[in-house]
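Participant: pasting a predicted model and its sequence here:
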Amino acid sequence: MGLNCGIVGLPNVGKTTIFSALTSTPAEAANYPFSTIKPNIGIINVPDERLYKIASIFKPKKTTPAVVEFVDIAGLAQGASRGEGLGNKFLSHIRQVGVIVHVVRCFTNDDVTHVSGKIDPASDIDIINIELSLADLETVEKRKEKLEKLLKGATKDSGKETRALLELLEKLREELGNGIPARLLGFTEEQIALISDLHLLTMKKQIYVCNVDEEVLRTGSKHIDAVKEHAEKEGTLAIPICGKLEADIALLETAEERAEFLKEAGLEESGLTKLIHSGYNLLGLRTYFTAGDPEARAWTFYDGDKAPRAASVIHTDFEKGFIRAEVYHYDDLAKYGTEQKVKEAGKFRVEGKEYLVKDGDIMHFRFNV
């Protein structure tokens, strides 16, 4: 689990079309349920204009962006939690991802059947969320039953943690039975740690994607409004995306061509770019850079990492033998134009093991092993 986003939804909502546009490679898609039996996996570059500005200054031989993994999971059907429509296998695929990207059909097309026979985003969202909740409910009940047996032979002191966990499981059992996701129950960090090994599907953060046609992308619709209203209640995002339009953009070879295409379509930014950034941020990921003659590169670290831990993503030896980090920020490089001028302005720093790395830092590590 970690640096990946799983794309889920009912059959025929456009998941695989969006995945193919993300990866710019064809994936199996068809007008019938469960055409994607095995999950497709794509490693996606994270768009970051800062990296290319850094490269324009240092002129390295190579420029390497940060990446995030997207997984296209087959369409879930009503009854998936009971194994219908190969549901158990698909639910196990969802269990392995860090963030759920929930694609909701907000377009009409007589040539692409809807499993329910009508376009109703709110109902579609409920079907998926209820199936995930029911799958979690089964997990919780099995653990609860096991702990209750253990508690019978425990002393008052030895059973203290077990009782605390049982209280959490009972709350989960009640709320999941009502279709309420675990992530909305307001658990503390300590409580989340207690149930972390359950790997609950509904504890995962979720982004909603409204798959629309091109006209609705510009004008909006009641279907988009319905998804946004639901997302707001959960404190998350709803991103309108035209899967067909994004697939056309993905076929263009250069950034200039893609920018011109977006301009002609009346769009400032690709919906997929927003989706990639949103998934990256929800995973708690941030970016620092290294820059020099051989390579300018974006590196992924977790928000809150200290310098040695952030350095380990380059090589574990960097963490083991960490001495110091030489640091300045991208904003200062953009302002002053060169690393030398950054130093002259007093913005170049030396930081130790306790330094909390910031998004946009440009770093050079000193280590000895």
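Facilitator: Okay, I see it. Residues are numbered from 1 along each chain as shown.

Participant: run a quick neighbour tally on the nearest residue to Lys171 once chain neighbours are set aside.
Facilitator: Closest residue to Lys171 apart from its sequence neighbours, by C-beta to C-beta, 6 or more residues apart in numbering: Leu185 at 6.9 Å. The C-beta positions use only the backbone N, C-alpha and C, and glycine is treated the same way. Neighbour count for Leu185, taken as other C-beta atoms under 10 Å: 17.

Participant: contacts only, for Leu185.
Facilitator: Lys171, Leu172, Glu175 (C-beta atoms under 8 Å, 6 or more residues apart in numbering).

Participant: dihedrals phi and psi, the residue nearest to Leu283 when sequence neighbours are not counted?
Facilitator: Distances taken as C-beta to C-beta, 6+ apart place Gly98 nearest to Leu283, at 5.0 Å, with adjacent residues excluded. Dihedral pair for Gly98: phi -90, psi -40, per degrees, to the nearest 10.

Participant: buried subset of the contacts of Leu185?
Facilitator: Among those, those classed as buried by 16 or more other C-beta atoms under 10 Å are Leu172, Glu175.

Participant: among the contacts of Leu185, which lie within strands?
Facilitator: For these, not one is inside strands, with DSSP state E as the criterion.

Participant: the residue nearest to Leu283 touches Cys5, doesn't it?
Facilitator: Yes: if you go by C-beta atoms under 8 Å, Gly98 and Cys5 touch, sitting 6.8 Å apart.

Participant: one step back: any idea how far the residue nearest to Leu283 lies from Ala325?
Facilitator: Computed as C-beta to C-beta, to the nearest Å, the Gly98 to Ala325 distance reads 27 Å.

Participant: and if you look at Asn4?
Facilitator: 28 Å.

Participant: for the helix or strand Phe70 falls within, buried residues please.
Facilitator: Using DSSP states H and E, Phe70 maps to strand 67-72. By neighbour count on 16+ other C-beta under 10 Å, the buried set for strand 67-72 is Val68, Glu69, Phe70, Val71, Asp72.

Participant: list the contacts of that strand.
Facilitator: For strand 67-72, using C-beta under 8 Å, 6+ apart, the contacting residues are 3-7, 15-16, 19, 22-23, 27, 36, 39-46, 93, 96-97, 101, 276, 279-280, 283, 285, 300.

Participant: could you redo the last one with a cut-off of 7 Å?
Facilitator: 3-7, 15-16, 19, 22, 27, 36, 39-46, 93, 97, 276, 279-280 (C-beta atoms under 7 Å, 6 or more residues apart in numbering).

Participant: try stretch 134-149
Facilitator: Residues outside stretch 134-149 that contact it (C-beta under 7 Å, 6+ apart) are 81, 91, 162, 165-166, 169, 172-173, 176-177, 182, 198, 200-202.

Participant: hmm, 8 Å instead?
Facilitator: For stretch 134-149, using C-beta under 8 Å, 6+ apart, the contacting residues are 80-82, 91, 162, 165-166, 169-170, 172-173, 176-177, 182, 198-203.

Participant: now, of the residues you listed, which are buried?
Facilitator: If we count by 16+ other C-beta under 10 Å, those have these buried: 80-81, 91, 165-166, 169, 172, 176, 182, 198, 200-203.

Participant: and Leu237, how far is that from Ile249?
Facilitator: Applying C-beta to C-beta to Leu237 and Ile249 gives a distance of 21 Å.

Participant: kindly report the same for Ala345.
Facilitator: 40 Å.

Participant: the two: which is more packed in?
Facilitator: Under the neighbour definition other C-beta under 10 Å, Ala345 and Ile249 were set side by side, and Ile249 has more, 21 against 12.

Participant: and that one, how far from Leu262?
Facilitator: 7 Å.

Participant: who touches both of the two?
Facilitator: Counting by C-beta under 8 Å, 6+ apart, the residues touching both Ile249 and Leu262 are Ser270.

Participant: so what's Asp126 up against?
Facilitator: Gly179 are the contacts of Asp126 under C-beta under 8 Å, 6+ apart.

Participant: part of a strand, is it?
Facilitator: No: judged by DSSP: H, G, I helix; E, B strand; the rest coil, Asp126 forms no part of a strand; its state is helix.

Participant: the more surrounded of Asn4 and Ala325?
Facilitator: Counting neighbours by other C-beta under 10 Å for Asn4 and for Ala325 shows that Ala325 has the greater number, 25 against 19.

Participant: appreciated, that's everything.
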